[in-house]
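S.K.: Here is my input; please provide its structure:
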Amino acid sequence: MSKSINLKGKKVTIISYDQEDYVCLTEIARSTGGNGSEVERWLRNINTLEFLAVWEALNNPDFNSTEFGGIRGDAGTNRFNISVKEWVARTKAVGLFAKTGRQGGTYAHKDIALEFASWLSPALRLYVIKEFQRLKEEETLHQLPEWGINRTLAKVNYRLQTDAIKRKLIPAAVTAKESGFIYADEADLVNKAVFGQTAKEWKTANPGKAGNIREYATVEQLLVLANVESYNSILIEQGMSQAERIKELNSIARSQLNAMVNLPAVKALKPPPLLDSKND
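M.R.: Numbers count the residues shown, from 1 in each chain. As a prediction, the model looks like this:
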């Protein structure tokens, strides 16, 4: 099944794969006047490869981090070049794939598509977020979407936190898998501060629910989550230990949650009651 968003008057195809949205990077590039070759140039960038490796380590248990180490060693040299098909074949990556035929091109998981859009133009990233929000709102018929404005607020500041982690907490000589553990640990630090439990603890307590802890958060919690992630990045830069940060972040989260409960502006973000599933 495919759907699309509109970027600057150009259609960008989205296809569903393994219950996730994959966006056509080739069409994103063309929406900015490119010809699709930008995808290959982006993939040659060492920062891109490191981002992809961290994403795979977090989302793909079969990712071949050893093979990635060899690719990373060659990156940056004049002779280095790698295609999407080669990247997938060598590392068993699932975040990117090349599709031929109808609706052909390079497709990427929505998280990775945002990174590509940001590489092309920071403003383009915002256009993609806005279009995803519109699409999800239409699809869910006024249910609170994952890409709704409150969810997006938390995602935007998550990048600030990951950048701080990369600069301050990840040693120079670690594997992509080890880096993934550090990112996940910090994400759970924020989960603990805001929700009082880690993602794994929530999953264990809610075995029948799909998705993750953040997808079931209230508007207030997601707004506070965005603030806490931003503040956590500052504390990381300051060199504060994790034990000290959890206390500080939890104190701020509790204070802000109490303050936000009855704010009219926050109430305005809340969706109408969910429609009866029989009418979907």
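
S.K.: Which parts of the protein are helices?
M.R.: With DSSP state H as the criterion, the chain has helices at 25-31, 38-44, 46-59, 65-74, 84-91, 110-120, 122-140, 149-168, 176-195, 199-205, 219-237, 242-260, 264-267.

S.K.: now those as TSV including distance to residue 103 and mean neighbour count?
M.R.: Heads up, the C-betas are built off the backbone N, CA and C, glycines and all. Output for these, formatted as TSV (distance: least, Cβ to Cβ, whole Å; neighbours: other Cβ atoms under 10 Å):
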stretch	distance to residue 103	mean neighbour count
helix 25-31	9	24
helix 38-44	15	17
helix 46-59	22	20
helix 65-74	28	15
helix 84-91	15	17
helix 110-120	15	20
helix 122-140	16	16
helix 149-168	26	18
helix 176-195	30	20
helix 199-205	34	13
helix 219-237	33	21
helix 242-260	43	15
helix 264-267	40	10
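
S.K.: Where among the ones you listed is average confidence lowest?
M.R.: Lowest mean pLDDT within the helices of the chain: helix 264-267, at a mean of 52.

S.K.: Now render the helices of the chain as JSON lines, adding distance to residue 13.
M.R.: Shown next, in JSON lines, are the helices of the chain (distance: least, Cβ to Cβ, whole Å):
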{"stretch": "helix 25-31", "distance to residue 13": "6"}
{"stretch": "helix 38-44", "distance to residue 13": "14"}
{"stretch": "helix 46-59", "distance to residue 13": "21"}
{"stretch": "helix 65-74", "distance to residue 13": "28"}
{"stretch": "helix 84-91", "distance to residue 13": "16"}
{"stretch": "helix 110-120", "distance to residue 13": "11"}
{"stretch": "helix 122-140", "distance to residue 13": "12"}
{"stretch": "helix 149-168", "distance to residue 13": "21"}
{"stretch": "helix 176-195", "distance to residue 13": "29"}
{"stretch": "helix 199-205", "distance to residue 13": "31"}
{"stretch": "helix 219-237", "distance to residue 13": "29"}
{"stretch": "helix 242-260", "distance to residue 13": "38"}
{"stretch": "helix 264-267", "distance to residue 13": "35"}
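
S.K.: Report the angle between the top strand by length along the chain and helix 122-140.
M.R.: What stands out as the longest strand in the chain, according to DSSP state E, is strand 10-17. Angle of strand 10-17 versus helix 122-140, following axes from the mean of the first three to the mean of the last three Cα atoms, to 10 degrees, is 60 degrees.

S.K.: heads up, I number from 299, so please use that
M.R.: Sure, I'll start numbering at 299, so the last one becomes strand 308-315.

S.K.: Which neighbours in the sheet does strand 308-315 have, and how are they oriented?
M.R.: Strand 308-315 has its sheet partners listed here by DSSP bridges as strand 300-305 (antiparallel), strand 318-322 (antiparallel).

S.K.: in the shortest one, what counts as buried?
M.R.: Buried residues in strand 318-322, counting neighbours by 16 or more other Cβ atoms under 10 Å, are found at 319, 320, 321, 322.

S.K.: Test my guess that the last one contacts residue 309.
M.R.: I take that to be residue 322. No. Using Cβ atoms under 8 Å, residue 322 is not in contact with residue 309; the gap is 9.2 Å.

S.K.: before we move on, back to that, mind listing what's buried along the longest strand of the chain?
M.R.: Quick answer for strand 308-315 (16+ other Cβ under 10 Å): 310, 311, 312, 313.
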